[in-house]
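[1] I would like the atomic coordinates for the input below:
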Amino acid sequence: MTTGSDLRENIYSEYGRDFQDSGDIFDPVAADRWGKAYDWYFRGWLPTDKAAVIGELAPGMGKMLYFLKVRGYTNLSAVDISPDQVRMARQVTDDVALGSALEWLAARKGRFDLLIALDLIEHFTRPEALEFLDLCYAALKPGGRLILQTPNGDSPFGLQHRYNDMTHEWCFNNNLLERLMRRSGFESIEGREMGPPPLGYSLKATARFMIWRVARALIQLVNIAEQGGPEPVLTRIFLMSGVRR
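    The predicted structure is shown next:
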């Protein structure tokens, strides 16, 4: 019989190859192209101090680490449970540990100015997700920030990402994740959509942004008709940020 831990070990052993279609060599051109949108998504959230202590949880193929490195951040570290993704991320920065994000955080209380976890929290069970948020809070310095990215249960298409990966345990929406972060002590909590950037990416992206705004307004009309008010976040993946007191 395959247990939950057996399943994770099986899937995560070659997660980059099997679920992310990654090769063996880091591609900086593709990473640059991917990262442009995050200049918009992360606006106002990144530290002004380039020596800020930044940790990434589950860096995958290293694209976010590369994004930060190119923008001048020098104090970067990360942890991932998948050996093939660790090998890839170490091509960006040496300080990438192989292991559990929960254990890694527990050993680093009060260390970080910023923690980033893209597409990770949905892989945890409910008890693990609560522990994860508590550990992130404890690992941050006062005033430090946590940024999460996860599939959106409020999106009409959110289930596409919810069921894209058999290791996804469940799905959040803006309301639930905000409440859980508040429970762990975070303040200044903000959810953001991850639609096409309006400017600075490409003309095609700008056109997509305009189309998305029209489609979003129509979806909100349905929400208003059904429940009397709009939903704050509608893209199929969304961001949530909170600050340690």
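
[2] for this protein, which spans come out with low pLDDT?
    Applying pLDDT under 70 to the chain flags residues 1-5, 16, 18, 200.

[3] which strand runs longest in it?
    In the chain, ranked by residue count with DSSP state E as the criterion, the top strand is strand 140-151.

[4] for that one, buried residues please.
    Buried residues in strand 140-151, counted by 16 or more other CB atoms under 10 Å: 140, 144-151. Bear in mind the C-beta positions are built from the backbone N, C-alpha and C, glycine included.

[5] got a list of contacts for it?
    By CB atoms under 8 Å, 6 or more residues apart in numbering, the residues outside strand 140-151 that reach it are 42, 45, 47, 53, 110-122, 133, 136-137, 158, 161-162, 168, 171-172, 177, 181, 186, 194, 236-245.

[6] surely Thr96 is in contact with Val79?
    Quick fix: residue 96 reads Val, not Thr. Yes: using CB atoms under 8 Å, Val96 is in contact with Val79, at 7.1 Å.

[7] picking up where we left off before, mind checking which of the contacts of strand 140-151 land in helices?
    Judged by DSSP state H, helices contain the following of those: 133, 136-137, 158, 161-162, 177, 181.

[8] then stretch 7-22 to CSV, C-alphas only?
    What follows is stretch 7-22, C-alpha atoms only, in CSV (Å, rounded to 0.1, in the frame of the first residue of the first chain):
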residue,chain,number,x,y,z
LEU,A,7,3.6,9.1,-2.7
ARG,A,8,5.5,12.3,-2.1
GLU,A,9,8.8,10.5,-2.2
ASN,A,10,7.8,8.9,-5.5
ILE,A,11,6.5,12.0,-7.1
TYR,A,12,9.1,14.5,-5.8
SER,A,13,12.1,12.4,-6.7
GLU,A,14,12.0,13.7,-10.3
TYR,A,15,9.4,16.4,-10.0
GLY,A,16,11.1,18.9,-12.3
ARG,A,17,11.3,16.4,-15.1
ASP,A,18,7.9,14.8,-14.7
PHE,A,19,5.7,17.8,-13.8
GLN,A,20,7.7,20.9,-14.9
ASP,A,21,9.2,19.6,-18.2
SER,A,22,12.6,20.8,-17.1
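
[9] distance from that stretch to the middle of the chain?
    Between the centre of stretch 7-22 and the centre of its chain there are 18 Å (CA atoms, centre = their mean, to the nearest Å).

[10] sounds good, over and out.
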